[in-house]
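*Asks:* Sequence first, then the predicted structure, then my questions.
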Amino acid sequence: MAFSLLSPLNLPTSSSSSSSPSNSSSSSTNYTIKNKITTTTIRNNYYCRKRRAATIIAKATEKDEEDTPAAFNPFGFVTDNPSSRSSIQLPESPAEDGNVGQVLYRTEDKGKEYGSYIRSGKLRWFVRETGSSDSRHGTVVFLHGAPTQSYSYRVVMSQMADAGFHCFAPDWIGFGFSDKPQPGYGFDYTEKEFHEELDNLLGVLGVKSPFYLVVQGFLVGSYGLTWALKNEGKILKLAIMNSPLTVSSPIPGLFQQLRIPLFGEFTCQNAVMAERFIEAGSAYVLKLEKADVYRLPYLSSSGPGFALLEAARKINFRDISGQIADGFSSRRWDKEVLVAWGMSDKYLPQSIAEEFKNGNPGAVKLKLIEGAGHMPQEDWPEKVVDALRMFFF
């Protein structure tokens, strides 16, 4: 019996400046893969594209074809979305392509726009910076969520610097290009340690209070908000993008999986985990050059995956969300807050933002960003910049 590996179907991606938009009015094209036993039809439209899997098909000789079952694809977890298929191909002769080694070679210098390494105590942070200390409108600190990195703010930071702001965006310890210490050796990925190290970093960077703070995302994003609650005097204004803000906030499946013994250890080493998380929370597919950057830390070593695993198992999501909802209520918080919310978020419904606003209607302003998903700064940075400029001015 002869076997060969068919290349995955090429699926549509947009040529827009940030990501690829869904288009419910797009016509559908049917692709059909057939043998004498099974027929698989894949509808090629934007809304169903994310769940398709690459298929390994056993092509038998005429004599054996009728007895050949559909083959199992052991690489489905790697090749089941368009961007990861474009990066990690499974050719008929895999050794010819170099696989992961070539991906690392292609991407090793990518994704570090505006960034440099900053030593703070025993830890080394990767920090992006735009503008200068004498920028006329003050300093903005951007904090990302899990499992992503500060790369998501690159366009927003550039445009905010052009508008007269001095911007910093660090990769949290354990994420992006910052250090990923092994748990138990100086850093255990607890809320208290994240807060302490952020305080130390801000001192090293010379960030003067009060400053503008922008926070987005799960886990370390939530820790950014609880840090704000403990340091209200250091904050001039606070802007929040899609984050769990109430006890009713759903917990994405990724973080639930990470908490399962053994299964979590496997999940955290999926090299395309970050890009898949971003795409699943949005109506967009990342372009290859952006997906490369989000997967690079997870391809480079096992450290980022185990750091995420440890942080996900240490956090109490409901407790942290409760602290945030209570801490920013009208009886406790009086600084101005902007909630800039991507309306197409697949993880957190718009009702979360509305419930949060109702808890402190005097301080919280809600700005809905049409067309953006869970990460508005990646999906539609221009609209985020417009909202921030209006709020900060």
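*Replies:* Yep, it's here.
*Asks:* Look up how far residue 176 lies from the residue nearest to residue 392 when sequence neighbours are not counted.
*Replies:* Nearest residue to residue 392 in three dimensions, chain neighbours excluded: residue 212, at 5.7 Å (Cβ to Cβ, 6 or more residues apart in numbering). (Each C-beta comes from the backbone N, C-alpha and C, glycine too.) Using Cβ to Cβ, to the nearest Å, residue 212 is found at 21 Å from residue 176.
*Asks:* Please say which of those two ends up with more neighbours.
*Replies:* In this view residue 212 and residue 176 are compared by other Cβ atoms under 10 Å, and residue 176 has more residues nearby, 29 against 23.
*Asks:* Could you look up the SS state of the residue nearest to residue 392?
*Replies:* Under DSSP: H, G, I helix; E, B strand; the rest coil, residue 212 falls in the strand class.
*Asks:* what does residue 201 give?
*Replies:* Criterion first, three-state DSSP; result for residue 201: helix.
*Asks:* Hmm, residue 119 and it touching each other?
*Replies:* No - the criterion here is Cβ atoms under 8 Å, and residue 201 misses it with residue 119 at 9.9 Å.
*Asks:* Of the two, which one has the most company?
*Replies:* Taking neighbours as other Cβ under 10 Å, residue 201 and residue 119 compare with residue 201 leading, 23 against 11.
*Asks:* Now do the contacts for the residue positioned nearest the centre of the chain.
*Replies:* Central residue check for the chain by Cα atoms, centre = their mean: the C-alpha nearest the mean position is that of residue 148, 3.6 Å away. Residue 148 makes contact with 175, 176, 217, 274, 277, 278, 294, 375, according to Cβ atoms under 8 Å, 6 or more residues apart in numbering.
*Asks:* ok, now residue 139?
*Replies:* 165, 166, 167, 168, 207, 208, 211, 212.
*Asks:* Mind giving me the ChimeraX select for the residues you listed, buried ones only?
*Replies:* To isolate the buried ones among these in ChimeraX, judged by 16 or more other Cβ atoms under 10 Å, type:
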select :165,166,167,168,207,211,212
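*Asks:* Could you find the lowest-pLDDT member of the contacts of residue 139?
*Replies:* Least confident of the contacts of residue 139 in the model: residue 208, at 93.
*Asks:* And the strands in this protein?
*Replies:* Assigned by DSSP state E, the strands in the chain fall at 19-20, 29-34, 39-44, 115-120, 123-130, 139-143, 166-170, 211-215, 235-241, 285-286, 337-342, 364-369.
*Asks:* Residue 389 versus the residue nearest to residue 392, what's the distance?
*Replies:* Distance from residue 212 to residue 389, by Cβ to Cβ: 11 Å.
*Asks:* measure stretch 138-151 end to end?
*Replies:* 21 Å (Cα to Cα, to the nearest Å).
*Asks:* Quick check: buried residues in that stretch?
*Replies:* Here stretch 138-151 shows 138-151 as buried, counting by 16+ other Cβ under 10 Å.
*Asks:* ok, those residues vs residue 224, which is closest?
*Replies:* residue 143 (3.8 Å; Cβ to Cβ).
*Asks:* confidence score at that closest one?
*Replies:* So residue 143 comes in at 98 (pLDDT).
*Asks:* Relative to residue 146, how far out is the spatially closest residue to it that is not a sequence neighbour?
*Replies:* Distance criterion Cβ to Cβ, 6+ apart; nearest residue to residue 143, sequence neighbours excluded, is residue 224 at 3.8 Å. For residue 224, the distance to residue 146 equals 11 Å [Cβ to Cβ].
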